[in-house]
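Novice: Below are the sequence and a predicted model for it; my questions follow.
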Amino acid sequence: MAGIQYLLWLTTRRGLSRRSQVELLEYFGGAERAYYADRAAYEALPLTEEARRALCDKSLDPAERILEDCDRLGLFLLSCQDAAYPERLLQLADYPLILYGKGTLFRFDEEVAIAMVGSRACSNYGERAAGRIAMGLARAGALVVSGLAQGIDTAALKGALQGGGRAVSVLAGGVDVIYPARNSWLYQDVAARGAILSENPPGTRPDGWRFPLRNRILSGLCAGVVVVEAGERSGALITAHDALDQGRDVFAVPGPVDAGTSAGTNRLIAQGEAKLVETAGDILCEYEGRYAHKLCRPQPMTAEETDGRLEVMPTPPPEPEPKPAKPAQEEGLPVVPRSGLEQMGEEQREIFFLLSQQALTADDIVGRTEIPARRVNTALTLLQAGGYLKELPGRRYAAAVRFEEQE
């Protein structure tokens with residue numbers, strides 16, 4: 001853990017995308033060298049002015065506070081310099097320099113880790129399929145990885161735990177921030193029998209723009225990704241495409257042709273981007289040769305036995321869920337139908353979420369995302385034309401509306 005404070009310093013520099021953090025680490029040959037570099041060294045690099053100013057701030061106080069928070073909360077830190085850091089993640093161009101964790105530190109490279117993703121507003125069919133497949137994976141010795149959202153995430157984690165196996169949840173906010181709050185029971189169970197992970201320091205809010213960034217870690221940690229239900233414009237599809245870009249296996253559960261929640265999964269199968277799967281066995285057969293020492297053949301269970309076991313741990317009845325506080329600049333903005341958000345492209349949504357947090361210039365946006373400048377300018381033009389953004393003095397942009405909350 002030598003030099004961890006310098007890695008923490010680098011990851012907390014404003015204006016640096018994840019890819020830029022990795023590039024700086026590799027350019028200088030370490031976070032400590034990046035820290036001790038001067039302004040002239042930063043000027044030679046393709047960075048935004050905001051990023052250069054942040055790099056010239058040499059205070060290590062934020063890093064020390066993060067370390068204190070981790071000690072107080074009983075969290076572990078895994079840096080990209082540690083031997084236990086997953087090689088699977090190091091294959092990514094924008095791998096997280098730091099992972100924060102609660103629970104068990106798994107050797108992911110040695111695990112048959114399978115990510116399960118899908119719709120929050122899933123159907124009974126999708127929930128049942130996710131639970132059954134996750135239970136089958138867990139009983140055979142695989143490690144189930146998912147988020148913590150309602151719907152497919154919840155069904156997958158619940159199935160893995162009820163199968164007597166282990167589970168990992170990767171969060172968009174800090175490891176200590178349970179979102180949604182109604183899943184606190186599931187958070188506690190996963191932390192006790194598996195692990196909770198995040199690339200963000202304790203206390204980080206799960207802002208909308210962080211979820212697409214989180215998805216690359218979900219797929220990057222795993223050997224394969226299973227999409228259970230996903231609409232045509234879905235975060236689960238972002239994860240599936242991340243997995244394809246990373247060279248991971250992609251699986252999809254087919255659904256009714258007239259169901260909107262199955263449009264994305266059915267298209268993945270039709271385009272040959274995902275293998276059609278109906279049971280855990282359809283996934284496990286891909287890994288039995290490489291991970292024979294990890295996998296076993298459990299006693300078969302009928303669908304009725306599986307469903308009966310899943311019902312042993314019923315999901316608590318919904319309670320009023322406290323929503324994350326909105327940024328001050330969102331207060332007073334007109335509310336528009338959520339359909340507008342769903343019609344945006346992925347890059348437009350990412351930019352809109354970013355500008356919902358604070359006003360930024362186009363260069364700032366390029367520095368905080370991995371979207372090329374030309375596409376950023378195009379997205380800004382389209383978002384302005386749609387009435388979603390407003391331009392402020394200094395050629396800064398900010399959200400002009402806020403969308404209806406998702407039910």
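Specialist: Good, I have the coordinates.

Novice: could you point out which element follows whatever helix or strand T381 lives in?
Specialist: T381 is part of helix 373-385, with elements assigned from DSSP states H and E. Later in the chain than helix 373-385, the nearest helix or strand by DSSP H and E is strand 389-392.

Novice: buried residues in the helix or strand that that following strand is followed by?
Specialist: Sequence order places strand 396-399 as the next helix or strand after strand 389-392, per DSSP H and E. Within strand 396-399, the residues scored as buried using 16 or more other C-beta atoms under 10 Å are 397-399. Quick note: C-beta positions are derived from backbone N, CA and C, even for glycine.

Novice: What residues of stretch 389-407 count as buried?
Specialist: Neighbour counts over stretch 389-407 (16+ other C-beta under 10 Å) mark 389-390, 397-403 as buried.

Novice: mind checking how far stretch 17-35 is from the chain centre?
Specialist: 22 Å (C-alpha atoms, centre = their mean, to the nearest Å).

Novice: what's that stretch in contact with?
Specialist: For stretch 17-35, contacts defined as C-beta atoms under 8 Å, 6 or more residues apart in numbering pick out 3, 6-7, 9-11, 13, 16, 37, 41, 45, 47, 51, 55, 58, 80, 93-97, 199, 213, 367-370.

Novice: do the same with stretch 364-384
Specialist: With C-beta under 8 Å, 6+ apart, stretch 364-384 has contacts from 15-20, 47-48, 50-51, 94, 344-345, 347-348, 350-352, 354-355, 360, 362-363, 389-391, 396-397.

Novice: chain center to that stretch: distance?
Specialist: With C-alpha atoms, centre = their mean, you get 21 Å for stretch 364-384.

Novice: what about it, start to end distance?
Specialist: Length of stretch 364-384, first residue to last, C-alpha to C-alpha, to the nearest Å: 17 Å.

Novice: Next: stretch 108-127.
Specialist: Using C-alpha to C-alpha, the two ends of stretch 108-127 sit 26 Å apart.

Novice: Return the set of buried residues in it.
Specialist: Neighbour count says stretch 108-127 has 108, 111-120, 122-123, 125-127 buried, by 16+ other C-beta under 10 Å.

Novice: repeat for stretch 289-298
Specialist: Here stretch 289-298 shows 291, 295 as buried, counting by 16+ other C-beta under 10 Å.

Novice: Also stretch 187-194?
Specialist: 187, 189-191, 194.

Novice: Distance to R290 and secondary structure for those residues - can I get that in CSV?
Specialist: CSV is the format used below for those (distance: C-beta to C-beta, whole Å; DSSP: H, G, I helix; E, B strand; the rest coil):
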residue, distance to R290, secondary structure
Y187, 32, helix
D189, 29, helix
V190, 26, helix
A191, 29, helix
G194, 22, coil
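
Novice: re the thing from before, out of the buried residues of stretch 389-407, flag the one nearest to S339.
Specialist: Nearest to S339, judged by C-beta to C-beta, of those is F403 at 8.9 Å.

Novice: Would you map the strands across the stretch 301-407 of the chain?
Specialist: Under the criterion DSSP state E, counting those that start in this stretch, the stretch 301-407 of the chain contains strands at 335-336, 360-361, 389-392, 396-399, 402-403.

Novice: what's the closest of the buried residues of stretch 187-194 to L73?
Specialist: Nearest to L73 among the buried residues of stretch 187-194, with distances taken as C-beta to C-beta, is A191, at 11.2 Å.

Novice: Show me the two of the buried residues of stretch 389-407 that sit farthest apart.
Specialist: Across those (C-beta to C-beta), the longest gap, 16.9 Å, separates Y397 and F403.

Novice: which residues touch N183?
Specialist: Contact partners of N183, counting by C-beta under 8 Å, 6+ apart, are 148-150, 154.

Novice: possible to save the residues you listed as TSV with distance to H241, neighbour count and pLDDT?
Specialist: Converted to TSV, the contacts of N183 look like this (distance: C-beta to C-beta, whole Å; neighbours: other C-beta atoms under 10 Å; pLDDT from 0 to 100):
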residue	distance to H241	neighbour count	pLDDT
L148	21	22	95
A149	19	22	93
Q150	23	20	91
T154	23	23	95
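
Novice: which pair in those spans the largest distance?
Specialist: L148 and Q150 (8.9 Å).

Novice: Quickly list what's touching both of the two.
Specialist: Common contact partners of L148 and Q150 (C-beta under 8 Å, 6+ apart): 180, 183.

Novice: per-domain residue ranges of the protein.
Specialist: 4-73, 102-296, 328-403 (automatic domain parsing).

Novice: Is it possible to get the strands of the stretch 301-407 of the chain out as CSV so that each row also shows distance to G165?
Specialist: Output for these, formatted as CSV (distance: least, C-beta to C-beta, whole Å):
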stretch, distance to G165
strand 335-336, 43
strand 360-361, 43
strand 389-392, 45
strand 396-399, 42
strand 402-403, 37
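
Novice: among the ones you listed, which is nearest L268?
Specialist: Closest to L268 of these is strand 402-403 (C-beta to C-beta; 26.7 Å).

Novice: List the contacts of L157.
Specialist: Contacts of L157 were listed using C-beta under 8 Å, 6+ apart, and they are 134, 144, 146, 148, 167, 169, 186, 189-190.

Novice: Tell me the secondary structure of it, please.
Specialist: helix (DSSP: H, G, I helix; E, B strand; the rest coil).

Novice: tell me the pLDDT at it?
Specialist: The model reports L157 with a pLDDT of 97.

Novice: mind listing the strands for this structure?
Specialist: Using DSSP state E, the strands found in the chain span residues 76-79, 98-103, 113-117, 143-146, 167-170, 195-198, 224-227, 249-252, 275-276, 335-336, 360-361, 389-392, 396-399, 402-403.

Novice: Need the residues that contact the fourth one.
Specialist: Counting by C-beta under 8 Å, 6+ apart, strand 143-146 makes contact with 106, 108, 111-117, 134, 137-138, 152-153, 156-157, 159-160, 165-170, 194, 218, 221-222, all of which sit outside it.

Novice: From the contacts of stretch 17-35, list just the buried residues.
Specialist: Neighbour counting over those (16+ other C-beta under 10 Å) leaves 6-7, 9-11, 13, 16, 37, 47, 51, 55, 80, 94-97, 199, 213, 367-369 as the buried ones.

Novice: and for stretch 269-284, what are the contacting residues?
Specialist: Looking at what lies outside stretch 269-284 - C-beta under 8 Å, 6+ apart - the contacts are 112, 114, 132-137, 139-140, 142, 224, 226-227, 240, 244, 249-254, 265, 268, 286, 295.

Novice: Fine by me, thanks again.
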